[in-house]
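A.B. asks: Could you work out the structure for the sequence below:
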Amino acid sequence: MGRPAGAAAGPRPDPARAPRAVILSGSLGMGHDVLAEIVAGSLGRLGWQSRTLDCMRMLGPRAGRAGEWVFRGLTTVPGAYDALYFASLRAGGRLAAAMDGAAEARLAAALEAELSAAPADLIIAVFAAGVPAAARLAAAGSRRQAIVLCPDALPHASWVRDGISLYLVTSAAAVASVHRYQPDARVTIVPPPVRAGFSQPLSQAAARQQAGIPPRAPCVLLMGGGWGLGPLAESARALSGAGVHVLAVAGHNRRLARRLDELARRDARVHPFGFTDRIPALMAASDLVVTLPGALTCGEARAVGRPLMLLDAMPGHGRENLQHELDLGGADVCNPRPGDLTRSVLAALGRMAGPASPGGPGHAEWLQAFAAALAGLGTGPPRRPAPPGEGPPDGGPPVLPVPKEASR
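C.D. replies: You can find the predicted model right below:
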């Protein structure tokens, strides 16, 4: 089908310079930051220049801190975020529209100022709050395009706006969700975004030697996202008491990091980590990854070849992501109570014949699909992805696989 109504017809950038992109992220947890990192790295390998803007900071220090405080509070009060998400955000109700409207004008003004100072050919929104501002600037005859990348199972109403040229999603269910709000939207299915470091993991033996894990001991990686959500310290204690080595990651949760350090001093089977870039090696060392159902973490575990035990501890979109990850296979679900978690983990470990081999889509599959999507938009000449660690190549355009597009 043709370009959706309201989408700007962005011309090809001047071939004498690299095309330029702005990535709109948001500092709520680590997921959006990691997604922005993947997109920035992928753009660099495709010969683009890019910069990332934090929507929470663009709202101003007071509004940004207030937004994070509200979101944290909603996710910790039983039923609160579920009520907001299912009754308003997913339905596109008045409250969701009011929330979007309160941020849109300020974000659009800040983004327009950024683009006036340093123009860009493309806006890529990986954070829902940035989508309305991106769509507004793209639809205003500004000779640029805007795309949305949403890895969630079902994008809610705030992710979808007239003026967006293309939506990148990871499942047929997500396509249907976008079309719920914008029936003529152009939507393409891509593999889950995966960081390059997960594409060639260490062997389990080498990873265990690095981490100090005995070769045949049962071992799990225990994470709760960037905020360290869930009863991770209590679960690490229960698992280690059952004879399991626990690679426990606190993320940016300093209180949790201190508790894990104290626990490790009493029990050698607990191996604590704060915020770390060693997740690929920790996944490779483990038999099982115990985590929230975040699309990025689950995709990375599958790329490394490790099965998942998903904590049912994230309300709202987390419940939809959980259902999607279970449908994909290679995953079980458990209650976040330490006793229930331990029982589920021990049963899962008992069913294993040995560590799985890497087999899920990795960074290469994501990068090829992303490159083809950009080429299909006409935002720049098709470029052969450069190998990791190298700059953009001078060779001719590659033969890229056509990403799976679903449009109505």
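
A.B. asks: Could you look up the SS state of Ala248?
C.D. replies: The three-state label for Ala248, taken from DSSP: H, G, I helix; E, B strand; the rest coil, comes out as strand.

A.B. asks: Same question for Leu53.
C.D. replies: Taken by three-state DSSP, the conformation at Leu53 corresponds to strand.

A.B. asks: Kindly report the same for Ser50.
C.D. replies: Three-state assignment for Ser50 (three-state DSSP): strand.

A.B. asks: Am I right that it is in contact with Pro19?
C.D. replies: No - contact status for Ser50 versus Pro19: not in contact, 9.2 Å apart, counting by Cβ atoms under 8 Å. Yep, even glycine has a C-beta here, placed from its N, CA and C like the rest.

A.B. asks: What is the burial count for Pro201?
C.D. replies: Pro201 has 21 neighbours, counted by other Cβ atoms under 10 Å.

A.B. asks: Go through stretch 163-177 and flag the buried ones.
C.D. replies: Gly163, Ile164, Ser165, Leu166, Tyr167, Leu168, Val169, Thr170, Ser171, Ala174, Val175, Ser177 (16 or more other Cβ atoms under 10 Å).

A.B. asks: which non-adjacent residue is nearest Ala257?
C.D. replies: Nearest residue to Ala257, sequence neighbours excluded (Cβ to Cβ, 6 or more residues apart in numbering): Ala250, at 3.9 Å.

A.B. asks: what are the phi and psi values for the one you found?
C.D. replies: Dihedral pair for Ala250: phi -90, psi -10, per degrees, to the nearest 10.

A.B. asks: Quick one: residues contacting it.
C.D. replies: Ala250 makes contact with Gly228, Leu232, Leu256, Ala257, Leu260, Pro272, Phe273, Gly274, Phe275 under the criterion Cβ atoms under 8 Å, 6 or more residues apart in numbering.

A.B. asks: what's the answer for Ala176, then?
C.D. replies: Ala176 makes contact with no residue, according to Cβ under 8 Å, 6+ apart.

A.B. asks: Got phi/psi on it?
C.D. replies: phi -60, psi -40.

A.B. asks: Let me see the domain layout of this protein.
C.D. replies: Annotated domains of the chain cover 20-194+362-405, 198-351 [automatic domain parsing].

A.B. asks: Tabulate those (CSV), appending mean pLDDT.
C.D. replies: Formatted as CSV, the entries for these read as follows, by pLDDT from 0 to 100:
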stretch, mean pLDDT
domain 20-194+362-405, 83
domain 198-351, 93
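
A.B. asks: can you give me how far stretch 224-239 is from the chain middle?
C.D. replies: A distance of 20 Å separates the centroid of the chain from that of stretch 224-239, by Cα atoms, centre = their mean, to the nearest Å.

A.B. asks: any residues touching that stretch, and which ones?
C.D. replies: In contact with stretch 224-239 (Cβ under 8 Å, 6+ apart) are residues 29-31, 33, 72, 75, 220, 222-223, 246, 248-253, 256-257, 259-260, 263, 267, 270, 275, 290-292, 294, 297, 311, 313-314, 336-339, 341-342, 345.

A.B. asks: Take the residues you listed and keep only those in strands.
C.D. replies: Taking DSSP state E as the definition of strands, the contacts of stretch 224-239 contribute Val220, Leu222, Met223, Val246, Ala248, Val249, Val270, Val290, Thr291, Leu311.

A.B. asks: Quick check: the second one touching Val290?
C.D. replies: It stands for Leu222. Yes - in terms of Cβ under 8 Å, Leu222 counts as a neighbour of Val290; the distance is 4.8 Å.

A.B. asks: So which residues make contact with stretch 318-336?
C.D. replies: Identification of contacts with stretch 318-336 by Cβ under 8 Å, 6+ apart yields 82, 152-154, 171, 173, 230-231, 235, 290, 292-295, 298, 302, 307-314, 340-341, 343-345, 348, 356, 360.

A.B. asks: can you count the residues close to Gly318?
C.D. replies: For Gly318, the tally of surrounding residues (other Cβ under 10 Å) stands at 24.

A.B. asks: Okay, buried residues for the helix or strand containing it please.
C.D. replies: Gly318 is part of helix 317-328, with elements assigned from DSSP states H and E. Applying a neighbour-count criterion of 16+ other Cβ under 10 Å, the buried positions in helix 317-328 are His317, Gly318, Arg319, Glu320, Asn321, Leu322, His324, Glu325, Leu328.

A.B. asks: possible to save those residues as CSV with distance to Ala285?
C.D. replies: Below are the buried residues of helix 317-328 laid out as CSV (distance: Cβ to Cβ, whole Å):
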residue, distance to Ala285
His317, 30
Gly318, 26
Arg319, 30
Glu320, 30
Asn321, 25
Leu322, 25
His324, 27
Glu325, 22
Leu328, 23
